[in-house]
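Undergrad: can't give you the sequence, but here's the structure:
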């Protein structure tokens, strides 16, 4: 392929990933700002994320077979038309109810775009480099939208709140629309692979993943043990997935090979990806909560997210170069060390911390995340393709579960941890706030002094000072809780690094002792 044509395909991959990613992240990054526009409470606005993730969490499972049966060209054309229609519908959103409907449809429409983004990037490279350079650059593109959404949001919100945000999505959808027709992908052989039983199994999987996505998205908001319907949804999820597994185990040609997924190698692979998502979620969850607590404006954090974006791009390019030269295992060690260091650096966050103090730590986390995923995914792809095309769908389930559901698990974990630790630190700090302490009395007097000219009642003036002190205690408690969340991420990364080093040491010992035995057997 000529260099200029390859560049067009690579830029098309970036455009597809950014279009899909911004559709997912723009609302998530601006839930607080959109509450007034949609006349919604903070709990109600959280449903926007749940509505988007519920269908998209499982749709890629069916899309693989749809693409095989109806052809890549038809799949791409219908996908981009449906996404453009869903983007147009955002223009007509006027309240929370219409926003939820459009977000649900957008979640369905956006699912094929990430698949197309992968295919356009892999199209450029010869087979030997698809699983090294190609997959590294494709996975790098998946990390661009989250920080990019934070960078473009201020201008879009000023332009028109919700409609301003999604006018950009509509513009991107119209820009990528001609790509499908002007830059065709290499066609793949068609085959009739969809059966009635596949559809039944998929509906159960979609129900299970969708219910689980809603629980993970809203559990922290409504709190896990306070809303009975969360328990019912979780029960529906478990029952649906269990029934789907029972059906698939009895089929001769299953949609998903449950036995292969339960094998030792796949369980280990799934665990590795889940741990990675849990660590990486510290960056996607904690800084945004910290920013809201301190009421930081977008212009104060733009440099931070620009650094995260730059680190992700640098990490993807570096990983491609390292994988090309066969440093897969070493990449994982370096990536986990970087993520652990970044989390530990930011675990000392305080009330006086500002974005400038997070540049190094967040840059290391972003760089480590960009380095870690491609080698793991490449090994999984190779294992699936070595067993045949039918196992590719099963592998997609693993990847989908660990990235979408795993990402929601990470957000729920860190959000819940912050809530619990804030209550702990708040109680600990409140125990030392007694008016008999001269320092506390002095602080209350200083805080209430601002109201001295408008409040003449001494008791009321004192209560205002105590209220302001309680607000400071709450804010400091949150700062300590955010530090605990980063500390938890650092501990997880350190434990994963220790386990990896032990695993690599055992492998080296096995090869060392196996070589002499093989030589003696041969002689």
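TA: Received the coordinates, thanks. As the structure is a computational prediction, the values presented were derived from the model and not from experiment.

Undergrad: skipping its backbone neighbours, what lies nearest residue 320 in space?
TA: residue 136 (3.7 Å; Cβ to Cβ, 6 or more residues apart in numbering). Any C-beta I mention is one placed from the backbone N, CA and C, and that applies to glycine too.

Undergrad: so the one you found touches residue 319, yeah?
TA: Yes: Residue 136 lies in contact with residue 319 (Cβ atoms under 8 Å); the separation is 4.5 Å.

Undergrad: next, count neighbours for residue 175.
TA: Burial measure for residue 175: 13 neighbouring residues, criterion other Cβ atoms under 10 Å.

Undergrad: ok, residue 353 next?
TA: 16.

Undergrad: that one against residue 479, yeah?
TA: Yes: Residue 353 lies in contact with residue 479 (Cβ under 8 Å); the separation is 7.4 Å.

Undergrad: in what helix or strand does residue 180 lie?
TA: Assigned by DSSP states H and E, residue 180 belongs to helix 179-182.

Undergrad: output the contacting helices and strands for that helix.
TA: helix 3-29, helix 72-89 (3 or more Cβ pairs under 8 Å, 6 or more residues apart in numbering; DSSP states H and E).

Undergrad: again, only this time at 7 Å
TA: helix 72-89 (3 or more Cβ pairs under 7 Å, 6 or more residues apart in numbering; DSSP states H and E).

Undergrad: contacts for the helix it packs on, please.
TA: The contact list for helix 72-89, computed with Cβ atoms under 7 Å, 6 or more residues apart in numbering, reads 66-67, 102, 105-106, 109-110, 112-113, 116, 166, 169-170, 173-174, 176-177, 180, 184-185, 187-188.

Undergrad: how about stretch 292-311?
TA: Against stretch 292-311 from outside (Cβ under 7 Å, 6+ apart): 32, 144, 147-148, 150-151, 153-154, 291, 355, 358-359, 362-363, 366-367, 475, 478.

Undergrad: what comes up buried for it?
TA: By 16 or more other Cβ atoms under 10 Å, the buried positions in stretch 292-311 come out as 293, 294, 298, 301, 302, 304, 305, 307, 308, 309, 311.

Undergrad: could you pull up the mean pLDDT of it?
TA: In this model, stretch 292-311 has a mean pLDDT of 83.

Undergrad: so how far is it from its chain's centroid?
TA: Chain-centre distance of stretch 292-311: 18 Å, with Cα atoms, centre = their mean, to the nearest Å.

Undergrad: ok, back up a step: my read: the residue nearest to residue 320 touches residue 375, true?
TA: No: using Cβ atoms under 7 Å as the test, residue 136 is too far from residue 375 to be in contact (8.4 Å).

Undergrad: can you pull the pLDDT of residue 243?
TA: As predicted, residue 243 sits at a pLDDT of 90.

Undergrad: spatially nearest residue to it, not counting backbone neighbours?
TA: Closest residue to residue 243 apart from its sequence neighbours, by Cβ to Cβ, 6+ apart: residue 204 at 5.5 Å.

Undergrad: and the one you found, its phi and psi?
TA: Main-chain torsions, residue 204, degrees, to the nearest 10: phi -70, psi -40.

Undergrad: residue 245 is in contact with that one, correct?
TA: No: contact status for residue 204 versus residue 245: not in contact, 9.0 Å apart, counting by Cβ under 7 Å.

Undergrad: for the nearest residue to residue 340 once chain neighbours are set aside, pull up the helix or strand it's in.
TA: Among residues not flanking residue 340 along the chain, residue 493 sits closest, at 3.6 Å (Cβ to Cβ, 6+ apart). Remark: residue 493 resides in helix 458-522, with elements defined by DSSP H and E.

Undergrad: elements contacting that helix?
TA: Against helix 458-522 (3+ Cβ pairs under 7 Å, 6+ apart) you get helix 264-293, helix 328-346, helix 406-430, helix 438-448.

Undergrad: and it, average pLDDT?
TA: 78.

Undergrad: ok so, going back, residue contacts, the residue nearest to residue 243?
TA: Counting by Cβ under 7 Å, 6+ apart, residue 204 has contacts 240, 243, 244.

Undergrad: please apply the same query to residue 448.
TA: 461, 462, 464, 465.

Undergrad: what number of residues lie near the first one?
TA: Neighbour count for residue 461, taken as other Cβ under 10 Å: 18.

Undergrad: still on that earlier bit, in terms of packing, which of residue 136 and residue 375 has more residues around it?
TA: residue 136 (29 against 24).

Undergrad: assign a three-state SS to that one, would you?
TA: What DSSP: H, G, I helix; E, B strand; the rest coil gives for residue 136 is helix.

Undergrad: residues contacting the residue nearest to residue 320?
TA: By Cβ under 7 Å, 6+ apart, the contact set of residue 136 is 316, 319, 320, 323, 374.

Undergrad: any idea which of those residues is closest to residue 509?
TA: residue 323 (25.1 Å; Cβ to Cβ).

Undergrad: SS state for the closest one?
TA: helix.

Undergrad: do you know how far it is from residue 375?
TA: Per Cβ to Cβ, to the nearest Å, residue 323 is found 6 Å from residue 375.
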